[in-house]
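In: fold the following and give me the result.
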Amino acid sequence: MEDIKIISKPLSGPETSILIGFPGSGLVGSIALQYLVEQMEFEHIGNVTSKYFPPLAMMSKGVINVPVRFYEKDSLMAIVADIPIHPMICYEVANGLIDWITQFEIREILTIAGIITNEVEKRVFGVATSEATLGMIQNRTIILPMGSISGIAGSLLTECKIREIPAVGLLGETVNTPDPRAAAATLSVVNTLYDLNVDIEPLLEQASEIEAAMQKMAEQVEKTEQMPKKEQQLPMYG
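Out: Presented below is the predicted three-dimensional model:
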């Protein structure tokens with residue numbers, strides 16, 4: 001892991017479930033897991049840096065945050081990211097994370113991402129690395145019969161398949177804008193998978209606020225486009 005630097009406390013117990021969310025379509029994974037971490041008050045246990053990451057530092061209320069962070073609570077660990085991973089280095093990042101995770105006895109890995117469709121239902125689709133693992137989500141998601149998963153989520157699931165690590169992927173139906181409603185839909189599935197009781201209503205309220213703001217912006221753009229363009233006039237002197 002020369003190119004992926006992980007500084008973290010070890011996982012506190014065996015049979016930990018690993019939840020991973022990176023920015024992607026609709027920012028579904030990162031919104032969902034950041035919300036989960038805050039609501040359940042996970043403990044921040046570690047950070048990830050890499051020469052592959054963009055040269056930036058995140059901040060919240062004046063305090064610097066590392067763009068990829070580890071959190072833990074009880075038998076759950078969450079890997080939360082604020083930065084997208086370029087397709088050219090998804091393999092290296094996925095390998096570095098899986099190498100660190102597999103030092104410990106884990107139960108399974110679950111990735112959360114978005115999938116863009118032409119629908120607005122906010123359904124949650126599911127995939128798994130084996131028939132046995134598919135049983136976890138069989139009755140909780142719509143199983144994708146065919147297709148592909150791109151980006152870091154796809155790389156993580158592929159690496160788990162190769163290493164025979166139980167893993168599932170939750171794909172929230174989304175549009176290509178920040179989508180708390182899709183994140184809330186995936187969290188509803190996470191609630192049932194791990195017997196959690198995370199209140200998603202505040203997240204749905206955020207969705208309504210974002211949708212209202214986007215609608216207002218669209219109306220402003222439409223109004224601007226309908227305004228007659230003034231003919232350009234040359235300035236007069238003398």
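
In: now the strands: where do they sit in this structure?
Out: For the chain, the strands defined by DSSP state E occupy 4-8, 16-21, 43-50, 58-60, 63-65, 68-73, 76-81, 106-116, 124-128, 142-143, 167-174.

In: how far off strand 124-128 does the last one point, in degrees?
Out: Pointing back at strand 167-174 there. Angle of strand 167-174 versus strand 124-128, following axes from the mean of the first three to the mean of the last three C-alpha atoms, to 10 degrees, is 160 degrees.

In: partners of strand 167-174, with directions?
Out: Strands that pair with strand 167-174, judged by DSSP bridges, come out as strand 106-116 (parallel), strand 124-128 (antiparallel).

In: so how far is the first one off the chain centroid?
Out: Read it as strand 106-116. 8 Å (C-alpha atoms, centre = their mean, to the nearest Å).

In: that strand to strand 76-81, inter-axis angle?
Out: Using the same axes, to 10 degrees, strand 106-116 lies at 40 degrees relative to strand 76-81.

In: tilt between strand 106-116 and strand 16-21?
Out: With the same axes, to 10 degrees defining the directions, strand 106-116 sits at 20 degrees from strand 16-21.

In: excluding its backbone neighbours, what's nearest the most centrally placed residue in the chain?
Out: Central residue of the chain (C-alpha atoms, centre = their mean): residue 29, 1.5 Å from the mean position. Nearest non-adjacent residue to residue 29, counting by C-beta to C-beta, 6 or more residues apart in numbering: residue 21, 3.0 Å away. No exception for glycine: its C-beta is placed from N, CA and C like everyone else's.

In: count of neighbours near residue 169?
Out: 26 (other C-beta atoms under 10 Å).

In: quick one: residues contacting it.
Out: 110, 111, 112, 113, 126, 127, 128, 149, 153, 157 (C-beta atoms under 8 Å, 6 or more residues apart in numbering).

In: so what's residue 19 closest to, chain neighbours aside?
Out: Using C-beta to C-beta, 6+ apart, the nearest residue to residue 19 is residue 78, at 4.7 Å.

In: related to what we said a few turns ago, by mean pLDDT, show me the worst of the strands of the chain.
Out: Ranked by mean pLDDT, the strands of the chain end with strand 58-60 at the bottom, a mean of 81.

In: name the helices or strands packed onto it?
Out: The contact analysis (3 or more C-beta pairs under 8 Å, 6 or more residues apart in numbering; DSSP states H and E) places strand 58-60 against strand 63-65.

In: and the strand it packs on, how far out from the chain's middle?
Out: 20 Å.

In: same thing with stretch 119-134?
Out: Using C-alpha atoms, centre = their mean, the offset of stretch 119-134 from its chain centre is 15 Å.

In: who's in contact with that stretch?
Out: Outside of stretch 119-134, the residues within contact range by C-beta under 8 Å, 6+ apart are 108, 115, 136-138, 140-144, 149, 157, 160-161, 164-175, 181-182, 184-186, 188-189.

In: buried among those residues? Need that as a selection in ChimeraX.
Out: ChimeraX command restricting the contacts of stretch 119-134 to the buried ones, with burial defined by 16 or more other C-beta atoms under 10 Å:
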select :108,115,136,137,140,141,149,157,160,165,166,167,168,169,170,171,172,173,174,175,181,182,184,185,186,188,189
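
In: can you give me how far stretch 155-174 is from the chain middle?
Out: For stretch 155-174, the distance to the chain centre is 13 Å (C-alpha atoms, centre = their mean).

In: start to end distance for that stretch?
Out: Between the opening and closing residues of stretch 155-174 there is a gap of 20 Å (C-alpha to C-alpha, to the nearest Å).

In: picking up where we left off before, the strands of the chain into CSV, with extra columns for distance to residue 199?
Out: Listed next are these as CSV, based on distance: least, C-beta to C-beta, whole Å:
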stretch, distance to residue 199
strand 4-8, 28
strand 16-21, 18
strand 43-50, 20
strand 58-60, 22
strand 63-65, 24
strand 68-73, 16
strand 76-81, 17
strand 106-116, 18
strand 124-128, 18
strand 142-143, 24
strand 167-174, 18
